[in-house]
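Student: Predicted model, plus sequence, below.
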Protein chains: 2
Amino acid sequence: MNDVAAAAGVALKTVSRVVNNEPGVNPATAERVQAAIDRLGYRRNDSARTLRRGRTASIGLVIEDVADPFYSGLSRAVEDVALRNDHFVFTGSSGEDPARERDLVLAFCARQVDGLIIVPAGTDHGYLAPEFDAGLKAVFADRPPGAGCRADTVLSDNAGGSRTGVAHLIAHGHRRIGFLADSPAIFTAVERLRGYREALAAAGLPYDESLVAMGPPDQERVRAVVERLLALPDPPTALFTGNGRTTVATLRVLDAISARCSAYHCSACRCSNDRCSNDHGSVRHGAERHGGTGRHGQGRLAGLALVGFDDFELADLLGITIVAQDPSRLGLTAAEMLFRRLSGHAGPGLRLELPTRLIERGSGETVP
Amino acid sequence: MNDVAAAAGVALKTVSRVVNNEPGVNPATAERVQAAIDRLGYRRNDSARTLRRGRTASIGLVIEDVADPFYSGLSRAVEDVALRNDHFVFTGSSGEDPARERDLVLAFCARQVDGLIIVPAGTDHGYLAPEFDAGLKAVFADRPPGAGCRADTVLSDNAGGSRTGVAHLIAHGHRRIGFLADSPAIFTAVERLRGYREALAAAGLPYDESLVAMGPPDQERVRAVVERLLALPDPPTALFTGNGRTTVATLRVLDAISARCSAYHCSACRCSNDRCSNDHGSVRHGAERHGGTGRHGQGRLAGLALVGFDDFELADLLGITIVAQDPSRLGLTAAEMLFRRLSGHAGPGLRLELPTRLIERGSGETVP
DNA sequence: TTGAAAGCGATACCAA
DNA sequence: TTGGTATCGCTTTCAA
C-alpha cells in the first residue's frame, strides 16, 4: 500500500480510502490510485486489516465430518449465507471427538473468527467461557451445548420425528419394532430413542430392551446387530433406524439376507419360489411383496418393514420410508442466527426446533 | 499478551516464548507465565502473528459444491492433510461459475492463505499471475488450469476410465451405447467423451452423435435425454453415464420407466408377466433378468445395460457397475503436493494422473 | 535466561 | 478532499 501511495504520489491514507471505497476522494485522484494498484498488482493484506479492525469477516464451522451428506448439506447452506454476508468459512471435522472439537474451536478463536457454528461432539463447553467473555458469538446446530452454556441453538425435532416414524409402523400393525441408532453419547440418538419409547407407550406396547441397539453406524456392527435381532425367539417385524448412515448399513445387511433367501410369493407379478439357501430361520418366507407401483425394492428387506430417520440419496428409488430432517435448513437457520448476533442483536439465547416430515415410500407401509 | 506479561511480572517477549514453546525459558518463569495465561484466559491473536510472520498456516480450497459427495470426499481428505500439517482450510463452492471461482480465489489470497487447492470452474487463470509473482503456491485438482498456467495438477484418468467402461459394455455385445455426461465446458466431461470415442473406434464401431447428450445433471434434463434416446428408431441397448449425479438421475428415470412397464420374463425366479402400462414402445420386453446372485435391482433399468463413471453410495446394493475414481485420494494427493511446495520444494509443475478402477456389479454385464 | 525496541500492513483519529 | 501519526498484538533482532 505504501508502494501504491508512492507510485500514485498520494498519502497512504488516500490509498486506503480508495481500496475501501470510502467516500470523500476526488474521482481524479481515485483513478490515479486505481491505476497504480492495477499496475503493481496490489492486493490488500487482510491480516493487517484484521489486526487493526478486530474483525476477520470469517466464521468457523465445526461439524462431525464433511464427507457425511448430512453435514455437507449443512455446510453448503452455511457457506451460502456467509457469502451473502461477505464472510468466509473455516470448516473443521471433529469426527465425534470432543478433544478435537475443542482444538478446532480454540484454533478458530485464535484466528479471530467473528463467530462460530458448532455441531458439538462433547458435552462440556466450559472451555468457551473466556471466548464468550471476549465477545465471541456462537450458535449450536443439530445438538445443544453442554450445561451452563446458553448460546443460540437450532435443532431438529428428533423425538417428535422418531415418534411419528415409529407410530407409523405401529399403525400398520407392527408390535415388535427394532430400534437401531447412534451411540447413546450422541444427543440426537438419545432424543430419537425417547421418541421411540413415547410412541410405544402411546400405543400401550411394552419397551423391550432386547430390540434396541445403539452404537456407531459401521457396517459390521450393524450387520451383527441385525442378525442378533432376527435371531431372537420373537424377532421384530419392523425396524426403525435412527440416522442415514445406519439406515444405509441396514439396507445392505437386509439385502444380503434377502439374496441368500430367494424364497418369496408375490401376488403382484404372480411369481413364486420356495428355494431358500439361507439358514436364518427367522426370515419369514412369504412376507415379501411388491408395492402397488410394481417396485421390487421392498423385496430386499428380508420381509421386514423399515422406517429410517434422515432422507438419503436414492431412498426414493429404493422405496424407503423415512422421517426427513432438512440439513440445509438447519445450516441456513444457524448461520442466520449467527449473523443476527454479529450485527448486534441482543437478547437471551434462543432455542429453535425445526420440524421433521414423514415421507411414505413403501418400506414402512407393509404389514407384519 | 501485555496483560499476561504484567500479571506475571515478566517482559512481553518472555510470554511470547512461553506461548510458542520456544526454548530458553526458566521452567519456574514459564510456570508463572502459564499460570497468568490460564488465570486471564489469554489466547494468542493469530492475526497479529500472521501479520508479523507473513504466513497464515491456512490454505484455501475452491471446489464446485461441498454438498456433492465427490467434492465432500475430496474436502475431507484435504482437511485431514492440512491438519496434520497444522494448517486450517477455508472452503468455498464456486458452483461451476468462473467469476465466483475468481472471487473466492482472490479473497483467499487477500487473506494471505499460504496455498490454494483449486478445482477450476473457468479456463482462464491469468488473474493468478500477480499472486504467483507474490509467491502463492497453488495446486489444481480434478481439472487442469487454463493455458499458460503451469501449476502442479492432479487428475483422474478420465479418458482411460471411460474407455474401460465403454469397452466393457462392448465386450458384452453392446453396439449402440448412449453417452450421458456433464456439459462440454467441463474438462472431465470432454475427456470422458474422448474415452468413449476411443473405445468405439478400437472396436470398429461408428460414432453416432444422436447417442451422445452432454449437459448439467439435473433430473429433468436427464429424463428428457433418456426418453429421447429410447425413442430413437434404433435405440441404445446400454448407457454410459459420465458422472455420479448423472448416473443417479438416470437410475431414477429408468426406474420410473420400469415401474410403468412391469412386463418381464425372469428365468431365475420363474415368474413371467406381460402386462405393460407403458406406452414407450422402445422398452424391450423380455430383456430384464435377475443377476446370478438373486438381485432384483437390475430389473429396474428398463432393459438397458448401464455403466457409470464415479462410485456412489448404494451402487453396490443396486448392482450398478461403475468406473471408480477416488475423490479422497485426489484430495490427499493435491494437499500433499501443496505442502511439498510450501516446504520449499522447487522444480517444474507436476501433472499426476490417478488410475480408475472398473467395479463389476451386474448392471454392466447384461447382454443386449 | 531475559528484555527493549523495531516493525509487519493496514485503519482510525485528528489536523490541515 | 487529503495527510500525518498512533496503534492493533505479535515476532524478530539484538543487547544485557
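Tutor: Structure received.
Student: State the distance from the residue nearest to the spatial centre of chain A to chain B.
Tutor: Taking CA atoms, centre = their mean, the centroid of chain A lies closest to residue A:70, which sits 3.8 Å from it. Applying CB to the nearest CB, to the nearest Å, the value for residue A:70 to chain B is 10 Å. All C-beta atoms are positioned from the backbone trio N, CA, C, and that covers glycine.
Student: Same check on residue A:184?
Tutor: When distance is defined by CB to the nearest CB, residue A:184 is 26 Å away from chain B.
Student: Let me see the contact set for the residue in the stretch 101-250 of chain A that DNA strand C sits nearest to.
Tutor: At 12.7 Å from DNA strand C, residue A:112 is the closest residue in the stretch 101-250 of chain A, using CB to the nearest atom of the strand. Shown in contact with residue A:112 (CB atoms under 8 Å, 6 or more residues apart in numbering or on different chains): A:50, A:54-56, B:45-47.
Student: still on that earlier bit, for the residue nearest to the centre of chain A, grab phi and psi.
Tutor: Backbone dihedrals for residue A:70, given as degrees, to the nearest 10, come out at phi -60, psi -50.
Student: surely it meets residue A:310?
Tutor: Yes: Residue A:70 is within contact range of residue A:310, at 6.4 Å (criterion: CB atoms under 8 Å).
Student: tell me the mean pLDDT for stretch A:228-240?
Tutor: Throughout stretch A:228-240, pLDDT has a mean value of 97.
Student: now do the same end-to-end measure for that stretch.
Tutor: Terminal residues of stretch A:228-240 lie 15 Å apart, using CA to CA, to the nearest Å.
Student: which parts of it are buried?
Tutor: A:229-230, A:235-240 (16 or more other CB atoms under 10 Å in any protein chain shown).
Student: Run through who's touching it.
Tutor: Under the criterion CB under 8 Å, 6+ apart, residues A:162, A:165-166, A:169, A:172, A:174-180, A:196, A:210-211, A:213, A:226, A:250, A:257, A:280, A:282-284, A:302, A:304-309, A:364, A:368 lie in contact with stretch A:228-240.
Student: My assumption is that residue A:91 lies in a strand; please confirm.
Tutor: Yes: using DSSP: H, G, I helix; E, B strand; the rest coil, the assignment for residue A:91 is a strand.
Student: Need the pLDDT of it.
Tutor: The model reports residue A:91 with a pLDDT of 91.
Student: what does residue A:303 give?
Tutor: Note on residue A:303: pLDDT of 90.
Student: Tell me the secondary structure at it.
Tutor: Per three-state DSSP, residue A:303 ends up coil.
Student: Likewise for the one 3 residues further on?
Tutor: Under the three-state scheme (three-state DSSP), residue A:306 adopts strand.
Student: Now it: closest residue in space, sequence neighbours ignored.
Tutor: In space, and not counting its chain neighbours, residue A:306 is closest to residue A:363: 4.4 Å by CB to CB, 6 or more residues apart in numbering or on different chains.
Student: wait, what's in contact with the one you found?
Tutor: A:297-298, A:301, A:305-307, A:318-321.
Student: Columns pLDDT on top of the contacts of residue A:112, output as a markdown table?
Tutor: Output for these, formatted as a markdown table (pLDDT from 0 to 100):
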| residue | pLDDT |
| --- | --- |
| A:50 | 89 |
| A:54 | 84 |
| A:55 | 84 |
| A:56 | 86 |
| B:45 | 90 |
| B:46 | 89 |
| B:47 | 89 |
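Student: so which of these comes closest to DNA strand D?
Tutor: residue B:45 (3.4 Å).
Student: The nearest residue to that closest one once chain neighbours are set aside in helix, strand or coil?
Tutor: Ranked by CB to CB, 6+ apart and with sequence neighbours excluded, the top spatial neighbour of residue B:45 is residue A:112, at 6.4 Å. Three-state call for residue A:112 (three-state DSSP): coil.
Student: ok so, going back, ok, now which ones touch the residue nearest to the centre of chain A?
Tutor: Counted by CB under 8 Å, 6+ apart, residue A:70 has contacts A:243-244, A:310, A:327.
Student: ok, back up a step: for the residue nearest to residue A:306, phi and psi?
Tutor: phi -70, psi -20.
Student: Same question for residue A:61.
Tutor: The phi/psi pair for residue A:61 (degrees, to the nearest 10) is phi -130, psi 120.
Student: what's the answer for the one 3 residues further on, then?
Tutor: Residue A:64 has phi and psi values of phi -80, psi -40 when expressed as degrees, to the nearest 10.
Student: Please look at it and residue A:97 and confirm they touch.
Tutor: No: with contacts counted by CB under 8 Å, residue A:64 stays clear of residue A:97, the gap being 9.2 Å.
Student: Neighbour count: those two, which is higher?
Tutor: Between residue A:64 and residue A:97, counted using other CB atoms under 10 Å in any protein chain shown, the more crowded position is residue A:64 (20 against 14).
Student: and the gap between that one and residue A:327?
Tutor: Using CB to CB, to the nearest Å, residue A:64 is found at 12 Å from residue A:327.
Student: got it, and residue A:146?
Tutor: Residue A:146 sits 23 Å away from residue A:327, taking CB to CB as the criterion.
Student: So for those two, which residue has more residues nearby?
Tutor: Neighbour comparison, residue A:146 and residue A:327: the larger count goes to residue A:327, with 25 against 16 (by other CB under 10 Å).
Student: Can you tell me the SS state at the nearest residue to that one once chain neighbours are set aside?
Tutor: For residue A:327, ignoring the flanking residues on the chain, the nearest one in space by CB to CB, 6+ apart is residue A:73 at 3.7 Å. Taking three-state DSSP as the rule, one finds residue A:73 in the helix state.
Student: my read: residue A:73 touches residue A:325, true?
Tutor: No: here residue A:73 does not reach residue A:325: they are 10.1 Å apart, not a contact under CB under 8 Å.
Student: who's in contact with residue A:252?
Tutor: Residue A:252 touches A:219, A:222-223, B:316-317, counting by CB under 8 Å, 6+ apart.
Student: Now do the SS call for residue A:154.
Tutor: Note that with three-state DSSP, the state of residue A:154 is strand.
Student: how many neighbours does it have?
Tutor: Here the number of neighbours of residue A:154 (other CB under 10 Å) works out to 24.
Student: How about the one 5 residues further on?
Tutor: Using other CB under 10 Å, residue A:159 is surrounded by 21 other residues.
Student: quick one, phi psi at it?
Tutor: Dihedral pair for residue A:159: phi -60, psi -40, per degrees, to the nearest 10.
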